[in-house]
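>>> quick check, what structure comes out for this input:
(chains A and B)
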Amino acid sequence: MVFNSLTYLILLTSVVTLFWCISYNLRFYLIFLSSLIFYGFWKIEFIPLLLFSTILDWWVALKIVNSKNKKKKIFLLISLIINLGILFIFKYLIFFTENSIGLLNLFNAKIDPIILKIILPLGISFYTFQTISYTVDVYRGTIKPENNFIVYACYVTFFPQLIAGPILRAKEVITQFKKQNVFRWDYISGGLRRVLYGLFLKVVIADNLAPLVNSGFSLPVSELSAFDVWTLSFLFGFQIYFDFCGYSHIALGSAKMIGIIFPENFNFPYLASSPKDFWKKWHISLSSWVRDYIYLPLLNLKLSNSSKGGLGNAIENKNDQKSLFITWGLMGLWHGANWTFLIWGLYHAVVIYIYRILKPFVKNFKKRNIIFIGWFLTLPIIMLSWIPFRADSLKIALKMWLKVINPYNYRNLGLQENVYIITLVLTLSILITYFIKQKIISYKISKNIIIMTLDTFMVSLLFYFVFVFLRPINQFIYFQF
Amino acid sequence: MKKELSNSSLSLVVGIFIAIIILYFTAPLNNSNQKFEDLALGEDTKNVIGKVDGIKIHCHNLTDYEDCLIDYSNYGDNEKITLWLGNSQLHAINDYRDGQKTSPMIFFKKAKKQKQYVLSLSQPNANLQEHLILTAHLVEKLPIEYLILPIVFDDLREDGIRENLKGILEDQDALKLIKSSKIGKNIISNNIKNDNSGNNVQKSNLSIQDKSESILNNRLEEMWSLWNKRSDLRGDIYNSLYRLRNYIFQIDPTTIRKMLPGQYSKNLNALKALLELTNKNNIKTLIYIVPIRNDIKIPYDIDEYMKFKNEVDQIASSKNISFKNLENLIPNNMWGKKGSTTVKNKNEIDFMHFKSDGHRLLAEKIFIEMNKIWITN
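Numbering: from 1, shown residues only, chains lettered A, B, ... in the order given. Next up is the predicted model:
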């Protein structure tokens, strides 16, 4: 089920109303059942796969706790092999087969292409990572396994985060599920605000950017100027941000309405002052997952067991660039089985690597200057990374990148005038929104009648636009991962 | 803390309440509001839906085109069809007076005497990619023997397929024809709705969500007039933004519109594909450069416009297609002004839509040209 639909709003209203009316024990069954309904509205035939993955890790975790060292490892391996195996079959098999045949044919093997039609189950990358993190955490002894299956099943299948995250840690959510929450109006009003805000970002902004981005990326690259490539990279950067950030707001808001607080997934990422800072602010739950379950283990460092972003000083003394590149390669491939995603991941690895090299040289600069110059450099670098993420093929992505580095391509404009105007307006809007949120609202004036009036005006505006534009015309971009 | 929370809840409730009141106030009283794509017409130029002697011979999209088909099949004589595609120039009359007719209506009457049935289909700012898929769809459905295709420099800046034509991409026969060209494949891949595996989602294979959404929407539209008017409200918002942009950047019909190389090349490729398609299906085609007002400096870069005319001429020659340049056909007195397309109330020059006399002149010229083709076939 998609969030930007009437169907979801009806489901959410029903679940929230029932949740606060029924007894504590029944709430788990309500969440589990509504999550299965939520998932089944996409394709009912994939529910067994979701249940299999859920049951497997619940069972494995219990076995791990009751086993001794060697057996523990075997159970962990069973979980990893089966989970990653399922992910491989559904997500990477076509890519692997096509490329293997292509490679063999390079050596004159003359193998006919095999046509595989495999539908990628919605949310598989997200719930697989979530179940893996649970089993690994139990194996490491950082959490105790959950004995009650229905509670565990709620953690994996909880509908606000099932399809596109945030990827949650068991420790953060299961304890909240088990808490006997009492109804509070601020759960409803706070949650509703987030849902409204998320819907606005998705149906009003992201969905209206989509046709411009699609049209721009369908143009022949030979006819695009360097300005056009920059503009398209910014525009897609905004589309994917508003799309995914909108989704996360709706997820957080929906969960809050039944008293579950998710960690934030975005925090003005395009105002980051360095590539490292960007990944503390963008898709925080994924970057922290990758940090804790891939990067730090590769460096032989301990898990932090929290979905909060950032590395802190954990790697100050480590200088293993191989781990950096492996992690980012995997991060890229997590997004999709395509060379474009791998390149996207490696691009970020290179950028972070360069940042690490340059960082010591700017230590003596004034902090304000570092932040401003950092932002000024980071924003275009990050935006340019979206080119392979959105381009139809690696060839097109590379051609677009080449456009940017050739000074002769900075001579004309080839897109509709509106595209440039919208891109500029959005860039300024993000700066203004940040300024208003951070610098004005945070100054102890939240009780001020002016702020309350402005708040009411904002809600009216959001509701007006969401009402007018609410249509499930476009899936969320992250559904395809 | 409690006070802040209650303030927050209060502003949420009040905010939603105010929004609903504003929605009721801003919702149009009827559904006849000007559509966004028609906005550039201005207020003095009127769309005329072509009916001749009660027969609908001119349609705008795939929905009302069904009415055209019914009237054609009821017509009885199964005459050969001459299809005239185009943009708003075909269906809009500047300085309209009751009873005035568009070119396709006048042409229909003249062609009837030659045992030709003329069917027109025009949409505002229609681009050549849209004409390509429309032709692929129609040649499979109708006994089309002749095609008249206006080429509009302005519309080569347009890209993509509008929503009301995307249904064509579910027509398997049309898809086969469209796929036969590179640009056709490009159109399909950019516009078809795919599932996660990249397979084309057909109407018969919709998810429970698609079905429930359709039921809920239909129900709400029946029960709640405000819900029904959401598309008009969306149109109003786009219209306001369009006017605001024109006002801020001082854009009016005389502003020079630069050629957009990407869109231009896609549309000319679509033209080539279209002409190959008509040639393969033995459809005799006339293409023409549309009339434009030339008593005032035209809103194009002259070099680009010259290049465009030469290229179209070359494409026509290479495909052995009849070509006419009608840019100077309509005299200055047959053009007019149109209502403002900015927030200011000031009449603007209309470069695209002429008065009813212009429509008569165009119909006569097209008749002469088509007559030559009909006679030789």
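
>>> excluding residues flanking it in the chain, which one is nearest the residue in the stretch 151-300 of chain B that chain A sits nearest to?
In the stretch 151-300 of chain B, no residue comes nearer to chain A than B:G262, which is 3.1 Å away by C-beta to the nearest C-beta. To be clear about C-beta, it is placed using only N, CA and C from the backbone, and glycine gets the same treatment. In space, and not counting its chain neighbours, B:G262 is closest to A:L219: 3.1 Å by C-beta to C-beta, 6 or more residues apart in numbering or on different chains.

>>> what sits against the closest residue to chain A within chain B?
Residue nearest to chain A within chain B: B:G15 (2.7 Å; C-beta to the nearest C-beta). Residues counted as contacts of B:G15 (C-beta atoms under 8 Å, 6 or more residues apart in numbering or on different chains) are A:455-460, A:462-463.

>>> farthest pair in these?
Taking C-beta to C-beta as the measure, the contacts of B:G15 span a maximum distance of 12.5 Å, between A:D455 and A:F463.

>>> I'd guess B:H353 is in a strand, am I close?
Yes. Assessed with DSSP: H, G, I helix; E, B strand; the rest coil, B:H353 lies in a strand.

>>> who are the neighbours in contact with it?
B:41, B:45, B:88-89, B:92-94, B:336, B:338.

>>> restricted to helices, list those residues.
Those of these mapping onto helices are B:88-89, per DSSP state H.

>>> show the buried residues in the contacts of B:H353.
By neighbour count, with 16 or more other C-beta atoms under 10 Å in any protein chain shown, the contacts of B:H353 hold B:41, B:45, B:88-89, B:92-94, B:336, B:338 as buried.

>>> just the residues you listed now: which is nearest A:Q321?
The closest of these to A:Q321 turns out to be B:S88 (C-beta to C-beta; 59.9 Å).

>>> shaky segments in the stretch 1-150 of chain B?
B:1-7, B:29-44, B:76-78 (pLDDT under 70).

>>> remind me, longest helix of the chain?
Just going to use chain A. Using DSSP H, we find that the single longest helix of chain A is helix A:226-256.

>>> you looked at the wrong chain, it should be chain B
The longest helix of chain B (DSSP H) is helix B:2-26.

>>> which of the contacts of B:G15 are buried?
Neighbour counting with 16+ other C-beta under 10 Å marks A:455-456, A:458-460, A:462-463 as buried within the contacts of B:G15.

>>> ok, back up a step: what sits against the residue of the stretch 151-300 of chain B closest to chain A?
Residues in contact with B:G262 (C-beta under 8 Å, 6+ apart) are A:219-220, A:223-224, A:228, A:414-415, B:159.

>>> right, and B:G336 touches B:N94 too?
Yes. Contact criterion C-beta atoms under 8 Å: B:G336 and B:N94 qualify, at 4.1 Å.

>>> quick one: common contacting residues for the two?
Common neighbours of B:G336 and B:N94 are listed as B:44-45, B:350, B:353-355 (criterion: C-beta under 8 Å, 6+ apart).

>>> any idea which of these is closest to A:S35?
For the shared contacts of B:G336 and B:N94, the nearest to A:S35 is B:T45 (54.5 Å; C-beta to C-beta).

>>> check contacts around the closest one.
B:92-96, B:336, B:338-339, B:350, B:353.

>>> quick check: pLDDT value at the residue of chain A found nearest chain B.
Here chain A gets closest to chain B at one residue, A:V459, 2.7 Å apart by C-beta to the nearest C-beta. On pLDDT, A:V459 comes in at 93.

>>> can you confirm it is in a strand?
No. Using three-state DSSP, the assignment for A:V459 is helix, not a strand.

>>> that one - nearest residue in space that isn't next to it in sequence?
Nearest non-adjacent residue to A:V459, counting by C-beta to C-beta, 6+ apart: B:G15, 2.7 Å away.

>>> just B:L216 next, same as before
Nearest non-adjacent residue to B:L216, counting by C-beta to C-beta, 6+ apart: A:L6, 4.5 Å away.

>>> any idea how far the one you found is from A:S460?
Plainly put, A:L6 is 21 Å away from A:S460 if you go by C-beta to C-beta, to the nearest Å.

>>> same question for B:R360.
Distance of B:R360 to A:S460, computed by C-beta to C-beta: 52 Å.

>>> go on, A:G345?
Here A:G345 is placed at a distance of 42 Å from A:S460 (C-beta to C-beta).

>>> same question, A:K366
From A:K366 to A:S460 the distance is 42 Å (C-beta to C-beta).

>>> kindly report the same for A:S273.
For A:S273 relative to A:S460 (C-beta to C-beta), the value is 34 Å.

>>> and the shared contacts of B:G336 and B:N94, which two are furthest apart?
Greatest spatial distance among the shared contacts of B:G336 and B:N94 (C-beta to C-beta): B:D44 and B:F354, at 12.3 Å.

>>> anything in contact with each of these two?
Counting by C-beta under 8 Å, 6+ apart, the contacts common to B:D44 and B:F354 are B:94, B:336.

>>> ok, the closest residue in space to B:I256 that isn't next to it in sequence - how many residues close by?
Leaving aside its chain neighbours, B:I256 sits nearest to B:P299 (5.5 Å; criterion: C-beta to C-beta, 6+ apart). Neighbours of B:P299 under the rule other C-beta atoms under 10 Å in any protein chain shown: 18.

>>> quick one, phi psi at B:P299?
phi -80, psi 40 (degrees, to the nearest 10).

>>> please apply the same query to B:I57.
Dihedral pair for B:I57: phi -110, psi 0, per degrees, to the nearest 10.

>>> residues near it, how many?
Other residues close to B:I57 by other C-beta under 10 Å number 26.

>>> so is the host helix or strand of A:L358 next to chain B?
Using DSSP states H and E, A:L358 sits in helix A:339-358. No. Counting by C-beta under 8 Å from any C-beta of the partner chain, chain B has no neighbours in helix A:339-358; the shortest distance is 14.4 Å.

>>> who does that helix touch, helix- and strand-wise?
Packing partners of helix A:339-358 (3 or more C-beta pairs under 8 Å, 6 or more residues apart in numbering or on different chains; DSSP states H and E): helix A:275-281, helix A:321-335, helix A:367-390, helix A:394-405.

>>> tell me which of those sits most buried.
Stretch with highest mean neighbour count among the helices and strands packed on helix A:339-358: helix A:275-281 (a mean of 21; mean count of other C-beta atoms under 10 Å in any protein chain shown).

>>> sweet, I'm off.
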